[in-house]
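[1] With the sequence up front, the predicted model follows.
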Amino acid sequence: RTLKKGGNPAEEIATAVSMLQNLKLTHATQMKELEGSDSATAFNRKCFDELVLRKMFVIPSFEIHGGVKGLFDLGPPACALKAAMIDCWRKHFILTEQMLEMECTNLTPEVVLKTSGHVERFTDLMVKDPVTGECFRADKLLEDTIDTLLESPEGKLLPVEVREGHLRIQRQADAYTPEELDELLFVKYQLKAPSGECYSNSFPFNLMFKTSIGPEGTAVGFLRPETAQGLFVNFRRLLDLNAQKMPFAAAQIGLGFRNEIAPRSGLLRVREFCMGEIEHFVNPDDKSHVSFQNIADKEMVLFGRDNQLGSGKTTLITMGEAVKSKLVNNETLGYFMARTQLFMEKIGMDATKLRFRQHLETEMAHYATDCWDLEINTSYGWVECVGHADRACYDLMVHSKATNTSMVATQKLEKARDVTVAKLKFNRKVLGQAFKGDQRIVSGLLDDLADNWEDFEPIAQALEANGETTVGNFKITKDMVSWTKTSKKVHEIKYMPSVVEPSFGMGRILYSLLEHSFYVRESDEQRCVMGFNARVAPTKCAILPISSNAECNAVVDEIALDLMENDISIRNDKSTAALGRRYARADELGVPFAVTVDFDTLVDHSVTLRERDTMKQIRLPKSDVTTLISAMVMGKTTWEKCMMKYQVVQVDDGEGNAKAELAKPKTVVEKSPRGSFHRPAK
């Protein structure tokens, strides 16, 4: 219009019109892509929530008393699912990697968590509604505000670069300082409390549950917010048990407790939860991993910090290439990231909904080398479920200093080397007068430092300059010790190990698995299915008699007993409901296989075996049932191979075709000197 009013040439106007049309087309395409991605990931939450509650996977704790936010009970199906998932985790990590498993107490003395820094720093930023007193987690408020903005009609029309700017802020939500959060919440996004008033300024809130140990009330303790500290304080004993061999890993599965500010999203943010944590102790100068080449070619989706602050795009890359390019800091960290990806795929998680996001510099603790979170895409968005952190030697160092306990490992050298050390001479009389029973502890601390002149030199300089210094919690004076700088040949070196820590939120993984497994039959929207991987399915097999007569029931009991004796969980359904109805009930619980005992079974001792997702059935001898199901549960064979081996049949389920119809038997071609011929497949 402006060009026309200005009398510009027709060619220039035509060019401008063409550019405008292209811009409109580009915008329309982007909007379709956004809408298409939304529809592609559409999730029927109403059906899912109803199924999870009705089938008692997860229910609110103390429901008849009104419930408590952030507390949930697992019903029988979820209990079995969780147990199978943890069993798979133990085999995948603890048994395969020959880790040392411990079970430490939930109650933790205050001194332990003061030493680790939890008492001072285990906080989230919180804001309050000044009228109602309701509390909100500040970073989650920011994330929700940006989601609301971008999902609004106005937000969908924002230019791509503006949307990316909002998303960049959202990705950094939990890395901002209180002042930065206040600026974004109250100035940039003009957020108000539900009461209509302004929120309070952001302030830290400690998430630990405080209690007292013993009836006197003088010993302060906390319910542990993580399981790791029990492993750190037992490092010396674990190292001895492992015959002083390094590297090694310790693991623990147990409960953690966090007094969440605003529990929400079901099992994703709760106040009591199951964790699985691994502490891999390694030489800080050699973080290679002996099994790294086994996973080097594993392709994974990585979301590096540069991309988070820039393009916002993820990268599909092999772990070998990621470590080689230093996107991932070292082999040990990369190894556990890849092993975590393989575990998720093994239990049936949708691999297209997994990614690893690197912590921003502002998110990481000052001592950390590199940190990556495995995030799982759910109906609530990307959810952090497994943390992978290279924590350096911080944890062992702080506990060692606080308790004056040596937390060092030893490396044997193939060839002796010369090292500069301090040769000490103690004044035992002065030491004894000053420290009495702690004399040996003090001399031991100084001897450890003297093994490396670089460690002892600051002590020597302080004693020369000031006449005193502090080692551990002990005040050392110049008259207690003299030293000489010298060199000696050593055949071993001592070091404080670094720790690489994968930390699994089992509750979040469990919830994500429920979502990823849920679907609705295309042919019938009323039929909901939990498509659990057979390896972790709560119940592996349903056994259904086509008739309730005594002969059929006896065969059902015989098959059930054989399966249970082989550790295969079963579900007997001898009700008089139609067979199709009973299949549907088993599908809702995620039962992968169903054996049907019919009248032919009484004649030829064969049964039908149905697979949940394909709904196809095969006819096989009753004696093969246990072996075949066991092989499929263990991943040693597949349903496709079973259909090649046995006759595929179509059976009247009481709700479909009234006439049973046999499919054509599978055949194979065999060649001989006399020609080719077909025969039934074995």
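    Ah, there it is.

[2] Could you check how many residues crowd around the closest residue to Y199 other than its chain neighbours?
    In this structure, Y199 finds its nearest non-sequential neighbour in V127, 4.2 Å apart by CB to CB, 6 or more residues apart in numbering. (Glycine included, C-beta is placed from N, CA and C.) When neighbours are counted by other CB atoms under 10 Å, V127 registers 26.

[3] Pull the distance from stretch 248-266 to the chain's centre.
    Computed by CA atoms, centre = their mean, to the nearest Å, the separation of stretch 248-266 from the middle of its chain amounts to 11 Å.

[4] Ok, stretch 367-377 next?
    On CA atoms, centre = their mean, the centre of stretch 367-377 falls 10 Å from that of its chain.

[5] Check which residues of it are buried.
    Going by neighbour count (16 or more other CB atoms under 10 Å), the buried part of stretch 367-377 is A368, T369, D370, C371, W372, D373, L374, E375, I376, N377.

[6] And these, which is closest to P109?
    Among the buried residues of stretch 367-377, A368 lies closest to P109 (CB to CB), at 25.3 Å.

[7] Give me the pLDDT value at that closest one.
    With respect to pLDDT, A368 scores 86.

[8] for it, helix, strand, or coil?
    Following DSSP: H, G, I helix; E, B strand; the rest coil, A368 is assigned to coil.

[9] what's near enough to touch it?
    H359, A389, D390, R391, A392, Y394 (CB atoms under 8 Å, 6 or more residues apart in numbering).

[10] Among these, which lie within helices?
    If you go by DSSP state H, the contacts of A368 have Y394 in helices.

[11] Top of the contacts of A368 by number of neighbours, please.
    That'd be D390 among the contacts of A368, by other CB under 10 Å, with 25 neighbours.

[12] Save the contacts of A368 as TSV, and put in distance to A338 and pLDDT too.
    Formatted as TSV, these follow (distance: CB to CB, whole Å; pLDDT from 0 to 100):
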residue	distance to A338	pLDDT
H359	18	94
A389	16	95
D390	15	95
R391	19	92
A392	21	90
Y394	25	91
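
[13] And the contacts of stretch 473-481?
    401-402, 404, 424-427, 430-431, 434-435, 438, 441-442, 445-446, 459, 463-464, 467-470.

[14] Need the buried ones from those selected in ChimeraX.
    Buried subset of those, written as a ChimeraX selection, criterion 16+ other CB under 10 Å:
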select :426,431,434,435,438,441,442,445,446,459,463,469
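
[15] among the contacts of stretch 473-481, which are in helices?
    401-402, 430-431, 434-435, 441-442, 445-446, 459, 463-464.

[16] Which two among the residues you listed are spaced furthest apart?
    Top of the distance list for the ones in helices among the contacts of stretch 473-481 (CB to CB): A402 and E464, 27.3 Å.

[17] packing partners for the host helix or strand of D240?
    According to DSSP states H and E, D240 maps onto helix 235-241. Applying 3 or more CB pairs under 8 Å, 6 or more residues apart in numbering; DSSP states H and E, one finds that helix 235-241 makes contact with strand 100-102, strand 248-257.

[18] Out of the ones you listed, which is the most enclosed?
    Mean neighbour count (mean count of other CB atoms under 10 Å) peaks for strand 248-257 among the helices and strands packed on helix 235-241, with a mean of 20.

[19] After that one, heading C-terminal, what element do we hit next?
    Following strand 248-257 in sequence, per DSSP H and E, is strand 272-282.

[20] N329 contacts D390, doesn't it?
    Yes. The criterion here is CB atoms under 8 Å, and N329 meets it with D390 at 5.9 Å.

[21] between those two, what contacts are shared?
    Both N329 and D390 are in contact with K287, T369, D370, where contact means CB under 8 Å, 6+ apart.

[22] Which two among the contacts of A368 are spaced furthest apart?
    With CB to CB as the measure, no two of the contacts of A368 lie farther apart than H359 and Y394, at 15.2 Å.

[23] Return the helix or strand in the chain with minimum mean pLDDT.
    strand 661-662 (a mean of 39; mean pLDDT, DSSP states H and E).

[24] buried sites along stretch 197-208?
    Y199, S200, S202, F205, N206, L207, M208.

[25] Now flag whichever of the residues you listed is closest to R224.
    Nearest member of those to R224, counting by CB to CB, is M208, at 8.4 Å.

[26] quick one: contacts for the closest residue to the closest one other than its chain neighbours?
    Nearest non-adjacent residue to M208, counting by CB to CB, 6+ apart: F222, 4.6 Å away. Residues near F222 by CB under 8 Å, 6+ apart: L107, T108, E110, L113, H118, V119, M208, F209, K210, T211.

[27] for whatever helix or strand T340 lives in, packing partners?
    Assessed by DSSP H and E, T340 sits inside helix 331-346. Counting contacts by 3+ CB pairs under 8 Å, 6+ apart, helix 331-346 is packed against helix 76-89, strand 272-282, strand 299-303, helix 319-324, strand 354-358, strand 370-378, strand 381-390, strand 498-505.

[28] Could you dump the ones you listed into TSV with distance to I546 added?
    As requested, the helices and strands packed on helix 331-346 are exported to TSV (distance: least, CB to CB, whole Å):
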stretch	distance to I546
helix 76-89	25
strand 272-282	41
strand 299-303	47
helix 319-324	51
strand 354-358	42
strand 370-378	40
strand 381-390	43
strand 498-505	43
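
[29] Just say which of the ones you listed is most tucked in.
    Mean neighbour count (mean count of other CB under 10 Å) peaks for strand 498-505 among the helices and strands packed on helix 331-346, with a mean of 24.

[30] Give me the contacts around that strand.
    With CB under 8 Å, 6+ apart, strand 498-505 has contacts from 89, 226, 228, 232, 273, 275-284, 287, 330, 332-333, 336-337, 340, 369, 384-396.

[31] next structured bit after it?
    helix 506-517.

[32] now that next one, how far from the chain's geometric center?
    10 Å.

[33] now swap in stretch 189-205 and tell me
    In terms of CA atoms, centre = their mean, the centre of stretch 189-205 is found 32 Å from the chain centre.

[34] ditto for stretch 469-482
    Its chain's C-alpha centre and that of stretch 469-482 lie 46 Å apart, by CA atoms, centre = their mean.

[35] and that stretch, which residues are buried?
    In stretch 469-482, counting by 16+ other CB under 10 Å, buried: T469, V471, G472, F474, I476, M480, V481.

[36] now the first one: how far from E375?
    Distance of T469 to E375, given as CB to CB, to the nearest Å: 47 Å.

[37] and if you look at the fifth one?
    Between I476 and E375 the computed distance is 49 Å (CB to CB).

[38] Also the second one?
    From V471 across to E375, the span is 44 Å (CB to CB).

[39] neighbouring strands for the helix or strand where A594 lies, and are they parallel or not?
    Using DSSP H and E, A594 maps to strand 593-597. With DSSP bridges as the test, strand 593-597 is paired with strand 541-545 (parallel), strand 606-611 (antiparallel).
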